[in-house]
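Asker: Sequence isn't available, so here's the structure alone:
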């Protein structure tokens, strides 16, 4: 039936909705999904909230959280097909949110009515906003305001109004690009709220002016109020239809008045605004006509209440059997589900407010195609225009180009694949074997994994058995430097072996799928690693890569317990890398395999469990978590904390290095970059990469830069490491130049939006240098020196002098001086190496000298370690607040804000926590607070650890004040300890005594 509906709706794409559910953990996403699934008869209504239909993994059921995004196809009367994607709410699985948002056109953002907007709520709002996904808001768990918090209707109205205002403030901040990270948005809102409360700006007149620009507003119909636990939900339009005939108003007019400070004048029968002076006298219509009946309905099922009379007054028709149920909670759910069914309100809102694929395509396609990069690469305009036109129209005609985007690879058991119609079991097992990436012949074990591509069709119609071209995000059909054979290798056609409709834990086989639908494809596991674009033509432009909320900063090294099982481990790692979009694999010099994961322990535990039990199926030896660090230099503007000895501030020294042949001498000085500028460069890496490819608009760094930083940015030559990092290689300035070879150009400064007089001066001097011809010097010597310095800068930026960690927040001034040889020496060099080989050797020598000079310059400029900081949001009851602070203090946390949640005894605490000290936080909190406190973590920023790792006291005063290690009396030097830990892990030399207390008398006595 679903296949027939899918084929029929392919010609009526206005009836399709691709939506995902986004929320913070434990805000009710999966329970709400169960209600929507129960409306289609796939599960019994009594199992809603207990079955967790879309959580197919055992650990998901055990932990009670969603870890993998999964999809299901639902039908909504009249005639709408809804592809629903449930995504995780835990911050550790943010990559799954990215895959769900890329395939969706709309999103249901769920917020707990008691907890309000939390850390992951900020993150999913940003993800949806970046993917151009239209959103609807669902305020869930309204029943907690009645039973748990015990708020009055007017207090509940104030509470939900504050949540809607909070969400709208976040979206407004995204649109104005005032906040460059989710952690900044969290803190900025708290500051804005505190400022507004103190200045009295939250008046009704101000709110009426802001309501016009609100993204979410109940009167618009894009906000629903729900209780997934009790199975009810509504929008204000439903109550407007209920009261319109009784009160004598139009339903549309009453719907607008049901939200906001409005009342009905009994004499004039008109809707009036409640003035600020009348708030104590009149109740808003939302309180009077909506919330108070809800509160009465909950009171009706309490013991001793006249249920029939109360429900009769409310015009609620429920069977007498349900009302007379001995369990009051069961009776309450029957009443509320019969009065305000959840599935009807939520699905109707999705159909009315969220766009169809045909409506969403014109807005999303330019973002997905990254047309600025197409034009910059010089691609033919006609093919690009044809592709954009076909995707914008969701063209399903026979001549439309096929464009499919695969967001991730899904591992499913071989037994879960549906049998091909007309084939026996042995033939179906053979088909499963062909889908396996190892490709071993013969029937396969049903417990083994088969990889399917989780994808969406953006244009054309895909059929089973069709051959498609797999295009990676780095592929550019307009690149003139690609050879014909290389293009054919990169875009070799692959046959699609099976089309499947994802139904949660099950799969339905399809013959064809039109544009606008979500599906799973088989037979592509050998061609796709994580994500890709599929097309019927190799001239198609691949879609832009997905944007993840954070980058992996926690790693572990794994090896098999038995050396003979290393091949199985290598195969399992390859499968794990394909199955999880956020996993990064690398191999150390020692031969160990390192798995990079997100910032949380839950994700790390999950992937290790999958590797051990699903993919490799061998015993593993797992190292302790390896936390990423950065290296920087001391900056006077960022003073150290009290009790820490700051280094003596002097101008950083100049370091010299000469090439092996003695032809070039480099002079380098390392300067600190303010943390705000370094963080802006780090957070906008993807944007900077696009700007360097097509510098059409300046990067948003002007607001983050101060006057002193702007002077550095105007002289930017290169960024690093990896061309877009937080370190800067400066062009030579006329004031400080002592070099004879002008280095750098102004392209990077122009892309950053800081092209000024400095860049113009360097360009003019470069032209003067090109006109200069010294006797015996080749004309491309400057190119060799510049290329060598640039290569050395990238190598030094990837591994600093402290512990071979990447550099962060450092600007380098480099001067190059040529030591001219005699004409005979130059001629001899050309005879030995040849003209071209001599240039290559000279460039390599310059790069080696530049790397050594840059690392030495950092070591001489008071180097510091840089830590990854997590924003920690804790909820704690008042009786365990002291234990919560004890845990935070032990882990070097810095508390930013603490406030008591309105109407409860819960305290909300925001703190910055070093990633190195975050492991075991959840267990420690449970142990110290007996389960009374919980925490959510999100990667915030990088921060210099203001502790001199090489401090040595020189006077008695320093020894008494700062101790022997520079961090207080009796306290070890934390920075030095962390550096030694990383160096020891990497096999680098450690400054540690081999023998300690050699003259101490040994005790050889043994106790028998």
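Answerer: Here it is on my side, so go on. Just so we're clear, the structure is a prediction, and the values are computed from it rather than from any experiment. Numbering: from 1, shown residues only.

Asker: neighbours around residue 576, how many?
Answerer: If you count neighbours by other CB atoms under 10 Å, residue 576 ends up with 21. Every residue, glycine included, has its C-beta placed from N, CA and C.

Asker: tell me which element it falls in.
Answerer: Residue 576 belongs to helix 566-579 when assigned by DSSP states H and E.

Asker: now what about that helix, what contacts it?
Answerer: 409-411, 437-438, 449, 451, 525, 528-530, 558-560, 583, 585, 593, 595, 607, 610-611, 614-618, 620 (CB atoms under 8 Å, 6 or more residues apart in numbering).

Asker: go with 7 Å
Answerer: If you take CB atoms under 7 Å, 6 or more residues apart in numbering as the criterion, helix 566-579 is touched by 409, 411, 437-438, 449, 451, 525, 529-530, 560, 583, 585, 593, 607, 610-611, 615-618.

Asker: what about residue 624, distance to residue 556?
Answerer: Distance, residue 624 to residue 556, using CB to CB, to the nearest Å: 7 Å.

Asker: other SSEs contacting the longest helix seen in the chain?
Answerer: Identified as the longest helix of the chain according to DSSP state H is helix 835-860. Judged by 3 or more CB pairs under 7 Å, 6 or more residues apart in numbering; DSSP states H and E, helix 835-860 is in contact with strand 655-658, strand 664-672, helix 781-798, strand 810-818, helix 823-833.

Asker: Please repeat the previous calculation with a cut-off of 6 Å.
Answerer: Counting contacts by 3 or more CB pairs under 6 Å, 6 or more residues apart in numbering; DSSP states H and E, helix 835-860 is packed against strand 655-658, strand 664-672, helix 781-798, helix 823-833.

Asker: Quick check: the gap between the residue nearest to residue 930 when sequence neighbours are not counted and residue 144.
Answerer: With sequence-adjacent residues excluded and distances taken as CB to CB, 6 or more residues apart in numbering, residue 930 is closest to residue 880, at 6.8 Å. Residue 880 sits 20 Å away from residue 144, going by CB to CB.

Asker: returning to that earlier point: save the helices and strands packed on helix 835-860 as JSON lines, and put in distance to residue 575 and mean pLDDT too.
Answerer: What follows is the helices and strands packed on helix 835-860, written out as JSON lines (distance: least, CB to CB, whole Å; pLDDT from 0 to 100):
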{"stretch": "strand 655-658", "distance to residue 575": "46", "mean pLDDT": "91"}
{"stretch": "strand 664-672", "distance to residue 575": "44", "mean pLDDT": "91"}
{"stretch": "helix 781-798", "distance to residue 575": "29", "mean pLDDT": "89"}
{"stretch": "helix 823-833", "distance to residue 575": "48", "mean pLDDT": "48"}
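
Asker: so which of those comes closest to residue 281?
Answerer: Residue 281 lies closest to strand 664-672 among those, at 60.6 Å (CB to CB).

Asker: related to what we said a few turns ago, I'd like the next helix or strand past the helix holding residue 576.
Answerer: Taking DSSP H and E, what comes next after helix 566-579 is strand 584-587.

Asker: other SSEs contacting that next one?
Answerer: So strand 584-587, by 3+ CB pairs under 6 Å, 6+ apart, packs with strand 593-597.

Asker: can you pull the buried residues of the following helix or strand past the strand it packs on?
Answerer: Using DSSP H and E, the next helix or strand after strand 593-597 towards the C-terminus is helix 601-610. For helix 601-610, the neighbour count (16 or more other CB atoms under 10 Å) marks 601-604, 606-608, 610 as buried.

Asker: Near the closest residue to residue 686 other than its chain neighbours, how many other residues are there?
Answerer: The shortest distance from residue 686 to any non-neighbouring residue, by CB to CB, 6+ apart, is to residue 547 (6.9 Å). When neighbours are counted by other CB under 10 Å, residue 547 registers 13.

Asker: List the neighbouring strands of the helix or strand just after the longest helix of the chain plus their orientation.
Answerer: Downstream of helix 835-860, the first helix or strand assigned by DSSP H and E is strand 863-877. The pairing partners recorded for strand 863-877 under DSSP bridges are strand 630-633 (antiparallel), strand 906-914 (antiparallel), strand 933-944 (antiparallel).
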